[in-house]
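Pasting the sequence and the predicted model now:
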Amino acid sequence: MPEVSLQANGRSLEHKSESEWSELIGRFCPIAPTGSIWRLNRLAYPEDPDQGWKIHVSATILEACEVFKSVVDFLSSKDLQFKVPKSLRELALINSGLGAGYSQVGKFLTVYPRNDSDAVDVAHELHELTLNSTSISVPFDRQYCAGSNVHMRYGAFAMLEVLSNNGQKMPAIRDSDGNLVPDDRLTIAPAWVKDPFPVIRSVCNGSFADTPLGERYRAFAAISQRGKGGVYLAVDLTDSRPRTCVVKQGRKNGEIGWDGQDGLFRVKTELRVLSEIGGKIAGVPAIYDSFEVNGSFYLVLEHVRGMNLESSLLSRRRRMSIGSIVSHSIEVCELLRSLHNSGWVWGDCKPANLVRSPAGALRPIDFEGAYRIGEPDPYRWRTKGFSDGPTPVGGAGNDLFSLGATMYFLLTGRVYDAQLPVAIQKRRKRVPKALVKLTMDLLESRCVTASDALERLLSLGL
């Protein structure tokens, strides 16, 4: 099948690229700071500044080696200090926004110019050298120009620290009076720093004025932000009575994988899945709208109100009762059975994606990872503890492992660790043996269908 070839080609490309990257940093970035994900070309000289305009060059994992090769000779000739990730696996984590945080997305290569004049010249040259590469926007940085791989932000070069009001250490820079102040990574530069880039100060990342995002939908809160795109609460103004909605953004080239799938692909997948199952499965979010703006695909969905099972469990002073856990599990089983009968694998069944609505129904959200039964799982990313079972059984069996992991979490309050499993009885006493056995059968791929699991849950009589 095409998906098998895609995955095999992806694994082959990953291995080849990682080998090439290892050779490149071995030649050009031999300095490995202890405990760091970064590799440096050289140590700082005594005359190097402690702070200034950092130049960031973005790159996807697919193009990282080529981007690096296109700029390394220039940087070496300037004898500038720079750093890159120790592996492309680390770059993938950086670009996801899940490692060091959303502010680090796109920061593949960081260059430390000696002064402002140097920064302007270096930024221009790096832009010219990477014109044909795929750009990833670096949050909170100034982009050299629209579509450029080059971004700039004023910040610390050396390890300076200052104590916050709550006594925690924070990265710091010196202000115009020489005082240590926090290095705010959410701003381009402090107000007292002179801008050396007058010609490129105004950056056009695309206007939303004449698009649905400027006319119909007004985002007022970010539910999440990461490399593949954001999820926002918004107000839908299309009706005479405005309603809240969820706007999901899929960024082109955002968190692109070795198989070529990016944020845009995943949100389009969710649209396709919801379009097919919306009339068949109760509780899935309704589709309001979809459109493309400035290189991103947007999907507007019903705002499913309520608290998800993860938050519900963590907010309790006492554990959830056995009866409630069985009741929740029955609802999830019924949902999975309907989904599987419709020909789909959910792929991301977990407590955080199961919302108890004010009306009392358990409603599923987030179908970016869904795929058809009978097709190989096309995704390599999975939620740790919930959709990364020790035995890749494939198809609907992946959802059954997720069901078992959800039940384990509700019973114990802990995420299941397949590498170091802890018996349910050690986490919680007086759990019915039949419920323990069913949970473990699901986790160990001994339950064949959602209907089988549902039958065994109903037989408990709880």
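That came in fine, so what should we check first?

Could you use CA atoms for every contact and neighbour count after this?
Will do.

Identify the residue nearest residue 295 in space, chain neighbours excluded?
residue 252 (5.8 Å; CA to CA, 6 or more residues apart in numbering).

Report the residue spans of the protein with pLDDT below the cut-off.
The chain contains residues with pLDDT under 70 at 1-10, 198-209, 380-381, 389-395.

ok, 80 please
1-11, 99, 164-167, 198-210, 239-240, 316-318, 376-383, 387-395, 447-448, 461-462 (pLDDT under 80).

Show me the helices in the chain, by range?
2-28, 64-78, 88-96, 116-129, 212-215, 263-277, 309-314, 322-341, 397-412, 424-427, 433-443, 450-458 (DSSP state H).

Against which helices or strands is the last one packed?
Counting contacts by 3 or more CA pairs under 8 Å, 6 or more residues apart in numbering; DSSP states H and E, helix 450-458 packs against helix 322-341, helix 433-443.

Generate JSON lines for those, with distance to residue 450 and mean neighbour count as supplementary columns.
Shown next, in JSON lines, are those (distance: least, CA to CA, whole Å; neighbours: other CA atoms under 10 Å):
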{"stretch": "helix 322-341", "distance to residue 450": "5", "mean neighbour count": "19"}
{"stretch": "helix 433-443", "distance to residue 450": "10", "mean neighbour count": "18"}
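
Output the ones you listed in TSV, with distance to residue 184 appended to each entry.
Rendered in TSV, the data for the helices and strands packed on helix 450-458 read as follows (distance: least, CA to CA, whole Å):
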stretch	distance to residue 184
helix 322-341	44
helix 433-443	44
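
Which one, of those helices, ends up nearest to residue 157?
helix 433-443 (47.6 Å; CA to CA).

hang on, the earlier thing: go through the helices and strands packed on helix 450-458 and name the closest to residue 30.
Among the helices and strands packed on helix 450-458, the nearest to residue 30 by CA to CA is helix 433-443 (43.5 Å).

can you state the direction angle for that closest one and helix 450-458?
160 degrees (axes from the mean of the first three to the mean of the last three CA atoms, to 10 degrees).

what's the angle between helix 433-443 and helix 397-412?
140 degrees.

Not counting residues beside it along the chain, what's closest to residue 113?
Nearest to residue 113 is residue 119, by CA to CA, 6+ apart, at 5.2 Å.

What separation is there between the residue nearest to residue 295 and residue 326?
41 Å (CA to CA, to the nearest Å).

Can you report how many residues lie near residue 427?
13 (other CA atoms under 10 Å).

Go ahead and confirm it touches residue 410.
No - in this structure, residue 427 is not within contact of residue 410 by CA atoms under 8 Å, at 11.1 Å.

buried residues in stretch 28-46?
28-29, 32, 38-42, 44 (16 or more other CA atoms under 10 Å).
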